[in-house]
Structures are given as structure tokens and as C-alpha cells.
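**Q** Sequence and computational prediction follow.
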Amino acid sequence: MSDYRDRIDALAARAREDRREFDPPANPPAEERALTYLRDGVGEVVAVYVETRTGEFAPLDRAEMSDLETALNDWLELYARCHGRAIDAEFTVREVAELVIKTRDVVESARLLTAIPERDRSVAWGSRNS
């Protein structure tokens with residue numbers, strides 16, 4: 001057990017509560033709620049993971065990693081449901097953390113991982129019809 005056990009327990013409990021209390025939006029997307037799951041959920045999981053891997057290395061045990069990954073994936077699934085989509089998220093904390101570090105943006109990372117919302121290719125690549 002690491003020094004991060006209490007923070008991990010709190011994140012896991014909050015993710016379980018968010019999942020239990022989730023009510024799908026009547027008219028997706030519920031963008032603000034989706035962003036809250038990313039910033040206050042996924043972002044916090046990534047922050048704990050990065051803290052354990054920087055400075056004085058704090059190894060996490062299997063239960064701690066499992067709790068972090070479950071919370072992370074719960075929040076990514078809730079993010080998708082806020083957009084009217086259901087996914088079975090099975091990401092590792094490491095792959096999400098690496099992508100967040102690379103993009104420097106938890107929202108963009110979630111979009112890349114889940115493909116939600118879908119990108120409008122005419123906007124992304126420029127419209128040739130104009």
C-alpha cells in the first residue's frame with residue numbers, strides 16, 4: 001500500500017457514486033457534464049499516477065492500480081454517455097497519462113481515445129467545396 005491509498009480510495013468512491021447516480025441526458029450532448037467527468041475525474045486519476053511516477057517513485061500495489069483504472073474507465077464511459085454513446089472503456093492509466101502528457105489536454109486525449117465526439121472531417125481537413 002502506498003501513501004496515495006487515501007486519494008485513490010476517494011477517487012474510486014467518487015467514480016462509483018458518479019456511475020450510480022448517472023442519469024442520461026435527454027438531449028445529448030451534455031457537454032459541461034462530460035467535461036466535468038474528464039477534468040475532475042480522469043484528470044485527477046492521471047495526476048495521481050504522474051505524481052507516483054515522478055519525484056520520489058511511489059510504487060502502487062495491484063489493488064491501487066486496479067482502483068485507479070476502474071475509476072478512469074468509469075469516467076470515460078460516463079463522458080461517452082453524456083454524448084449519447086455507450087462504450088466499454090478498457091484503457092490503462094499509463095496509456096491515458098502518456099496521451100495527456102503528449103497532448104497536454106485531457107479533453108483532446110479523451111476524444112482521441114474514444115472517438116467521441118466524432119470529428120467533422122470537412123472542418124478538420126478544410127472544405128474543398130468552398
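**A** Great, that's in hand. Numbers count the residues shown, from 1 in each chain.
**Q** How is Ser116 assigned, secondary-structure-wise?
**A** Small correction: residue 116 is Ile, not Ser. With DSSP: H, G, I helix; E, B strand; the rest coil as the basis, Ile116 sits in coil.
**Q** what comes into contact with the one helix or strand Leu113 maps to?
**A** Assigned by DSSP states H and E, Leu113 belongs to helix 106-114. By C-beta atoms under 8 Å, 6 or more residues apart in numbering, the list of residues contacting helix 106-114 from outside reads 35, 38-39, 42-43, 46, 76, 79-80, 85, 87, 89, 91, 96, 99-100, 103, 116-117, 119. (Each C-beta comes from the backbone N, C-alpha and C, glycine too.)
**Q** What's the PyMOL line that selects buried ones from those?
**A** Buried residues within these, by 16 or more other C-beta atoms under 10 Å, are selected in PyMOL with:
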select buried, resi 38+42+43+46+76+79+80+85+87+89+91+96+99+100+116
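**Q** which non-adjacent residue is nearest Val42?
**A** Using C-beta to C-beta, 6 or more residues apart in numbering and skipping the chain neighbours, the partner closest in space to Val42 is Trp75 (5.0 Å).
**Q** Test my guess that the one you found contacts Gly43.
**A** No. Judged on C-beta atoms under 8 Å, Trp75 makes no contact with Gly43 at a distance of 9.2 Å.
**Q** Output the helix holding Leu113 in CSV, but only the C-alpha positions, please.
**A** Taking C-alpha atoms only, helix 106-114 is exported to CSV below (Å, rounded to 0.1, in the frame of the first residue of the first chain):
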residue,chain,number,x,y,z
VAL,A,106,-7.3,15.8,-21.0
VAL,A,107,-10.3,16.7,-23.3
GLU,A,108,-8.3,16.1,-26.5
SER,A,109,-6.9,12.9,-25.1
ALA,A,110,-10.4,11.6,-24.3
ARG,A,111,-11.5,12.5,-27.8
LEU,A,112,-8.6,10.6,-29.3
LEU,A,113,-9.2,7.6,-27.1
THR,A,114,-12.9,7.3,-27.5
